[in-house]
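Asks: dropping the sequence and predicted coords here.
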Amino acid sequence: MLSNVLMNSNDRLSSLACCKPGGSECNCLGSLQDDYWHQPDSYNCEKKMTTYVLRFGASYASEIYHYFNESNFKEKIDPSRPLNIISLGCGFSPDFFALKKYLQDNFIDVPVSYRGFDNSNCWDFARPQTEECNYLNINLTSPFNLEGADVVIMSKVFSTLHRNGLADKFLCHLKDAVIKTLRHGAILVFIDVNHIDMGRDIFHENVKTYMPDFYQYYFNGYTGNNWTKIQQSDLVFTIPDQLTVPARRSTGSTVIFEYRK
């Protein structure tokens, strides 16, 4: 499924217009790097988002897949009922691709209901085309609710909110939504950059005050206090040959924190 998305992304890339003004040379990889280190992230350019999917898609989905394995996620699934997922700032849904492969590889036959919350439509081209997925245009700096969710996932979104100066507002809405609308026993999964300046500790120090039952995993970088290292770093998704944008070939320096209500 993800391999097809990568091939389609590669085929469309050359036809997309560059968003840089004044006819200057287009450099989407450079722009993504600037977003990470020097400027507020923006998700309003289809060409840049297509580049993002080609560069990071298989890597990010593989990180989530390895977390499912390491945490023995299958033990958290009730096979007698649908598995309801809400993905906050879902982007192109790497968590859905990872989940579907994990369920398939572990011979788990359970219906999935996936709701993606995101206020950018520039990811539409790469999102899975299936009735299992429903996408809602929701701004995470406004109130939202988590009713019906068994698992809430936020992958690589808090660092963006943090860099854009929106973290405090989001954290207030998240706390309100968890306390008022998330069912008892549900899980919140935080996936982001293992870097002190990218909001990792700000998120954890806030959320653990009302979700004190948690587990912490990491791939590389800072080891934390009693964090579990996920040893697998390989990609579990096939990368098509001759992509225009070189794909990252392993997992990155990422933390995954799991909180249970």
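Replies: Yep, that arrived. Remember, predicted model here, so these are calculated numbers, not experimental data. Residues are numbered from 1 along each chain as shown.
Asks: every contact and neighbour count from this point should use C-alpha atoms.
Replies: OK.
Asks: how about the strands in the stretch 1-150 of the chain?
Replies: 83-88, 112-118, 133-137 (DSSP state E, counting those that start in this stretch).
Asks: and the first one with strand 112-118, angle?
Replies: Strand 83-88 runs at 10 degrees relative to strand 112-118, counting by axes from the mean of the first three to the mean of the last three C-alpha atoms, to 10 degrees.
Asks: chain center to strand 83-88: distance?
Replies: For strand 83-88, the gap between its own C-alpha mean and the chain's C-alpha mean amounts to 11 Å (C-alpha atoms, centre = their mean, to the nearest Å).
Asks: pull the CA atoms of it into CSV?
Replies: Only the C-alpha atoms of strand 83-88 are listed here, as CSV (Å, rounded to 0.1, in the frame of the first residue of the first chain):
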residue,chain,number,x,y,z
LEU,A,83,-10.2,-0.8,16.7
ASN,A,84,-10.9,2.9,16.8
ILE,A,85,-7.9,5.2,16.0
ILE,A,86,-7.8,9.0,16.1
SER,A,87,-4.6,10.5,14.6
LEU,A,88,-3.9,14.1,15.6
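Asks: what's that strand packed up against?
Replies: strand 112-118, strand 151-155 (3 or more C-alpha pairs under 8 Å, 6 or more residues apart in numbering; DSSP states H and E).
Asks: closest to Thr141 out of the ones you listed?
Replies: Proximity to Thr141 (C-alpha to C-alpha) singles out strand 112-118 among the helices and strands packed on strand 83-88, at 10.8 Å.
Asks: what's next to the closest one, contact-wise?
Replies: Strand 112-118 has contacts (C-alpha atoms under 8 Å, 6 or more residues apart in numbering) with 82-91, 93, 96, 132-140.
Asks: run the last query once more with 10 Å
Replies: The contact list for strand 112-118 (C-alpha atoms under 10 Å, 6 or more residues apart in numbering) reads 81-93, 95-96, 99-100, 103, 127, 130-140, 144, 146, 149-154.
Asks: each with direction, which strands does it pair with?
Replies: Sheet partners assigned to strand 112-118 using DSSP bridges are listed as strand 83-88 (parallel), strand 133-137 (parallel).
Asks: relative to strand 151-155, how tilted is the longest one?
Replies: Okay, so that is strand 83-88. 30 degrees.
Asks: wait, Gly252 touches Asn194, no?
Replies: Yes. Between Gly252 and Asn194 there is a contact under C-alpha atoms under 10 Å: 8.9 Å.
Asks: now do the shared contacts for these two.
Replies: Joint contacts of Gly252 and Asn194 (C-alpha under 10 Å, 6+ apart) are 218-221.
Asks: show me where the stretch 101-250 of the chain has its helices.
Replies: Assigned by DSSP state H, counting those that start in this stretch, the helices in the stretch 101-250 of the chain fall at 158-163, 167-181, 200-207.
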